[in-house]
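Q: Sharing a sequence plus its predicted fold:
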Number of protein chains: 2
Amino acid sequence: MGIRADKREALRRQLKSAARKRIAQHGLSSLRARDLASDVDRPVGSIYTAFKDLDDLILHVNADTMKELGSALSSPVENKDSKSAITALSIGYARFATENQNLWAALFEHKMPDGGPSPAWVLNHHSGLLDRLVQALRMMDPMAEPSLLERRAKTYFTAVHGVVTMSLQNRFLGVPRESLVEEITALVGVILAGLDASLVKKEQSGNGVKN
Amino acid sequence: MGIRADKREALRRQLKSAARKRIAQHGLSSLRARDLASDVDRPVGSIYTAFKDLDDLILHVNADTMKELGSALSSPVENKDSKSAITALSIGYARFATENQNLWAALFEHKMPDGGPSPAWVLNHHSGLLDRLVQALRMMDPMAEPSLLERRAKTYFTAVHGVVTMSLQNRFLGVPRESLVEEITALVGVILAGLDASLVKKEQSGNGVKN
DNA sequence: GAAAATATTGAACAGCGTTCAGAAATTGCA
DNA sequence: TGCAATTTCTGAACGCTGTTCAATATTTTC
């Protein structure tokens, strides 16, 4: 049918790929419309025939990054007890962030236009990060309120996220890059030990379930 | 002596105050040089007689915010056992961030020119946040390596920081604003319980010290 | 008080994302 | 196929940034 629609689709792919490369190499903040245009050898205006604006293009790049994060985290979760799953998820997150620094940082640097679906929502939708965390936490404490479990999953995830972010971005407040995985392991270990301790307490007065 | 030096100092104070007000009300990202100039009823160029550039001005606003954070955290630390001190420090941090959202966010949104002393370094210097955390952790485990203690302090601080940041900035991944203090309390509680558990283990094989 | 030294000023500049009148290409119809 | 109608593409121009610097105004010096 539309030979123009095909060209539009090709342009979208080219632009996304060029934007991804530039973000990966030099960071989101130094992405320029004119640079992208010259990357794909087209005039500036052509960007706006393929995407609403640069924000829209970045949103698409970010969606891809989120899917890749989902893949990077998908293998280790199955066939493990809850605690190993949570640890593997956390370390996997730290590793992905370290190995894809700029692309990963773009997920959070990017301010959304507003109204539209939050990239964070898409993050969970595509990576299933929070869902998997909730699932593992539920296995540790099956009687817990679902809404509380979801809230706690967010708390633990954002805690790990904070350590990762500051380690990669803040030389002084964050832990040194080379000990990031060690520190994440320690943090998650302490949290899981603490959870265990309070679950044992609960078990003593009432009935709880193990693992 | 210099009546010009006095005027320069007055202008610096006016600009800092205007910038602070604008950041507090509308966020760092909507701070404009021309707006500031008209706030203090002077031409745009005058900003550059008082400060090197806008970054420099923002650095000064941020330094004040850090000192205020330091004050907000100074009272609760003394006269408490280590665990209460750590909890109070964390909740105090979350409260300060909540009550001064935009000014606090500016501390981390602002990218520094480079070379100069990191705002994060200044943060610790003026607020003593990490130092106090290290101190409390050392009381819990006096035999621990100082360098490990400092690293763990960074880990726990950035964990709390992450929960706070995401709660205030990310509607979907962060915990709801109204349960932030509750979640910080829970997180710190679980971490402290986990630390206790591992310290008890250490005590069993070797000699440790209590509190 | 006038000349020399210094500071202030705001129009102008460079760089940004985005737009839109005119040019080019595609489509529709005889 | 030929030509008009329609659609799409293009890049100079727009509006908004932070920052500069020749011209102007002020202060200092003797």
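A: Cool, the structure landed.

Q: Give me the helices and strands touching the helix or strand harbouring residue A:92, please.
A: Using DSSP states H and E, residue A:92 sits within helix A:82-99. Helices and strands touching helix A:82-99, as assessed by 3 or more Cβ pairs under 8 Å, 6 or more residues apart in numbering or on different chains; DSSP states H and E, comprise helix A:54-77, helix A:129-140, helix A:146-169, helix A:180-204. Quick note: C-beta positions are derived from backbone N, CA and C, even for glycine.

Q: which one of the ones you listed is the most hemmed in?
A: Highest mean neighbour count of these: helix A:146-169, a mean of 22 (counted as mean count of other Cβ atoms under 10 Å in any protein chain shown).

Q: That helix near chain B anywhere?
A: Yes - for a cut-off given as Cβ under 8 Å from any Cβ of the partner chain, helix A:146-169 has contacts with chain B, namely A:151-152, A:154-163, A:165-167.

Q: quick one: which of the residues you listed is nearest residue B:83?
A: Minimum distance to residue B:83 across the residues of helix A:146-169 next to chain B is 17.9 Å, recorded for residue A:159 (Cβ to Cβ).

Q: per-residue confidence at that closest one?
A: Confidence at residue A:159, expressed as pLDDT, is 98.

Q: For chain A, give me the ranges with low pLDDT.
A: A:1-5, A:75-79, A:112-127, A:201-211 (pLDDT under 70).

Q: 90 instead?
A: In the predicted model of chain A, residues A:1-9, A:67, A:70, A:73-80, A:110-129, A:170-173, A:198-211 satisfy pLDDT under 90.

Q: Which single residue in it comes nearest to chain B?
A: residue A:162 (1.5 Å; Cβ to the nearest Cβ).

Q: now that residue, nearest residue through space, not along the chain?
A: Distances taken as Cβ to Cβ, 6 or more residues apart in numbering or on different chains put residue B:162 closest to residue A:162, at 1.5 Å, once the chain neighbours are dropped.

Q: Does that neighbour touch residue A:160 like I think?
A: Yes - counting by Cβ atoms under 8 Å, residue B:162 touches residue A:160, with 7.3 Å between them.

Q: residue contacts, the spatially closest residue to residue A:86 that is not a sequence neighbour?
A: Leaving aside its chain neighbours, residue A:86 sits nearest to residue A:136 (5.0 Å; criterion: Cβ to Cβ, 6+ apart). Applying Cβ atoms under 8 Å, 6 or more residues apart in numbering or on different chains, we find residue A:136 in contact with A:77, A:82, A:83, A:85, A:86, A:89.

Q: Relative to residue B:104, how far out is the fourth one?
A: Using Cβ to Cβ, to the nearest Å, one obtains 34 Å as the distance from residue A:85 to residue B:104.

Q: picking that back up, buried residues, whatever helix or strand comes next after the helix holding residue A:92. List them.
A: As assigned by DSSP H and E, the chain's next helix or strand after helix A:82-99 is helix A:101-109. By 16 or more other Cβ atoms under 10 Å in any protein chain shown, the buried positions in helix A:101-109 come out as A:102, A:103, A:104, A:105, A:106, A:107, A:108, A:109.

Q: just those residues now: which is nearest residue B:98?
A: residue A:108 (19.6 Å).

Q: got the contact list for that closest one?
A: With Cβ under 8 Å, 6+ apart, residue A:108 has these contacts: A:165, B:170.
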